[in-house]
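Trainee: no sequence on this one, just coordinates:
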């Protein structure tokens, strides 16, 4: 599958440049995230972030979203409280 550039703000040249710079690394990180879910089972974004630290959340969350969009991860329909006490979706590998 050919992956488009990671998401970026169309009005921002620096955002586009950042997306271009992440194009190749994003493929590798997507694979790491998918493998993590396959090995560890269902989890929230916060659990993913803690496990994959020090990789930034703003690098991991878009990769998780891309995997969801590709049909490789899905929402379990369940949630658990995030550190702030708000509900956080639980994701799993398909």
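Mentor: That came through, no problem. Predicted model, so just to flag it, every value in this text is computed and none were measured.
Trainee: state the pLDDT value of the residue nearest the centre of the chain.
Mentor: The centre of the chain sits closest to residue 64, judged by C-alpha atoms, centre = their mean, with a distance of 2.2 Å. With respect to pLDDT, residue 64 has a value of 97.
Trainee: wait, is it part of a helix?
Mentor: Yes. The assignment for residue 64 by DSSP: H, G, I helix; E, B strand; the rest coil puts it in a helix.
Trainee: residue 66: neighbour count?
Mentor: Neighbours of residue 66 under the rule other C-beta atoms under 10 Å: 21. Glycine gets a C-beta too; all of them are placed from N, C-alpha and C.
Trainee: from residue 63, how far out is the closest residue to it other than its chain neighbours?
Mentor: Spatial nearest neighbour of residue 66, chain neighbours left out: residue 30 (5.9 Å); criterion: C-beta to C-beta, 6 or more residues apart in numbering. As judged by C-beta to C-beta, to the nearest Å, residue 30 and residue 63 stand 5 Å apart.
Trainee: I'm done for today, thanks for sticking with me.
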